[in-house]
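> Take this sequence and fold it.
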Amino acid sequence: MSVIVVSGTGTEIGKTVVTSAIAAAAVAAGRSVAVLKPAQTGVGPDEHGDAAEVVRLAGPAVTAVELVRYPEPLAPDTAARRSGLATLGPAAIAEAAGRLAAEHDLVLVEGAGGLLVRFDEDGHTLADAARLLAAPVLVVAPAGLGTLNSAALTTEALRARGLTPLGVVVGSWPAAPDLASRCNLADLPKSSGTPLLGAVPESSGTLAPDAFRTAAPTWLAPPLDGTWSADSFLTTWPA
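Predicted coordinates:
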């Protein structure tokens, strides 16, 4: 896979940290990596955005590209309208990702919020960009109560659009998971119809970058250049 689109079942669920972990694991495996953040919202002109955070955690070997930035923490279409700035369509996202894919082994396209958040006035979403790229979509989901429904809805929406869900990664696995989280771990593959491809521990983004890069492959399954095993993890955290 030269391009993977990273989407979430919602916002603030660890999508950027998961993207950073995938980038770090791929670099450790000897691959050249780029991360594309099509629309950054809620960040000022000179502030640290998600793409820069991936480079901080995964390392300076990662190429980071951000296409547009809007100051308010809103859906890209709404943020663009309120700021008076131009929106971003799926063709521009696909074109930028294609350019990066020509020069890198792996391109990670990190969305804003959930899969069907609107990017422009015509209602285009990250799913439309994924379709133009013919790229699989990795779904980042939270661990707790409600995640089975949101993950199932996201993967159902992907399949309805002819897109391939690559798998699910838990974006912030708690240090002391409750019963719902432990049960969800076993039930996510059945509910979403896709494999569980990792569980990133909560607060991983606060690790020192060197420690983050060393640990990242242990949080991700082999399809994401990691060593993590769903079966072993389920044994560690029985429901």
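> For Glu53, give its distance to Leu179.
Relative to Leu179, Glu53 is positioned 32 Å away (C-beta to C-beta, to the nearest Å). To be clear about C-beta, it is placed using only N, CA and C from the backbone, and glycine gets the same treatment.
> higher neighbour count, the two?
Glu53 (18 against 9; other C-beta atoms under 10 Å).
> And the more buried one, its phi and psi?
Per-residue torsions, Glu53: phi -70, psi -40 (degrees, to the nearest 10).
> so who does it touch?
The neighbours of Glu53, taking C-beta atoms under 8 Å, 6 or more residues apart in numbering as the test, are 16, 20, 205.
> which residues of the chain fall in helices?
Under the criterion DSSP state H, helices of the chain are mapped to 15-28, 50-58, 76-83, 90-101, 126-133, 147-160, 179-192, 209-215, 230-236.
> so where's the protein shaky on pLDDT?
Residue ranges of the chain with pLDDT under 70: 1.
> Relative to its centre, which residue of it is most distant?
Distance from the C-alpha centroid of the chain, by C-alpha atoms, centre = their mean, peaks at Gly84 (27.6 Å).
> Spit out the contact partners of that residue.
Contacts of Gly84 (C-beta under 8 Å, 6+ apart): none.
> Same question for the one 3 residues further on.
Thr87 makes contact with 68, 76-77, 80-81, 119-121, according to C-beta under 8 Å, 6+ apart.
> again with Arg69
Arg69 sits next to 39-41, 43, 45, 49 when contact means C-beta under 8 Å, 6+ apart.
> out of those, which is most surrounded?
Ala39 (25 neighbours).
> Setting aside sequence neighbours, what's the nearest residue to that residue?
Pro76 (3.9 Å; C-beta to C-beta, 6 or more residues apart in numbering).
> same thing with Leu158?
Nearest one to Leu158, counting by C-beta to C-beta, 6+ apart, is Pro165 at 4.9 Å.
> List the contacts of that neighbour.
Counted by C-beta under 8 Å, 6+ apart, Pro165 has contacts 136-139, 154-155, 158-159, 192-194.
> try it again with 10 Å
Contact analysis of Pro165 by C-beta atoms under 10 Å, 6 or more residues apart in numbering lists 7, 115, 136-139, 151, 154-159, 192-195.
> In PyMOL, how would I select the buried members of those residues?
To isolate the buried members of those in PyMOL, using 16 or more other C-beta atoms under 10 Å:
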select buried, resi 7+115+136+137+138+139+151+154+155+157+158+192+194
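> returning to what we had before: which among the helices of the chain is found nearest to Leu224?
Among the helices of the chain, the nearest to Leu224 by C-beta to C-beta is helix 15-28 (5.3 Å).
> Mind giving me the packing neighbours of the closest one?
strand 3-8, strand 33-41, helix 50-58, strand 106-114, strand 137-141, strand 165-173, strand 196-201, helix 209-215 (3 or more C-beta pairs under 10 Å, 6 or more residues apart in numbering; DSSP states H and E).
> Which among these is found nearest to Leu224?
Among the helices and strands packed on helix 15-28, if distance is taken as C-beta to C-beta, the winner is strand 196-201, at 5.6 Å.
> Is it possible to get CSV of the contacts of Arg69 that adds distance to Leu108?
Output for the contacts of Arg69, formatted as CSV (distance: C-beta to C-beta, whole Å):
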residue, distance to Leu108
Ala39, 15
Gln40, 15
Thr41, 18
Val43, 19
Pro45, 24
Gly49, 15
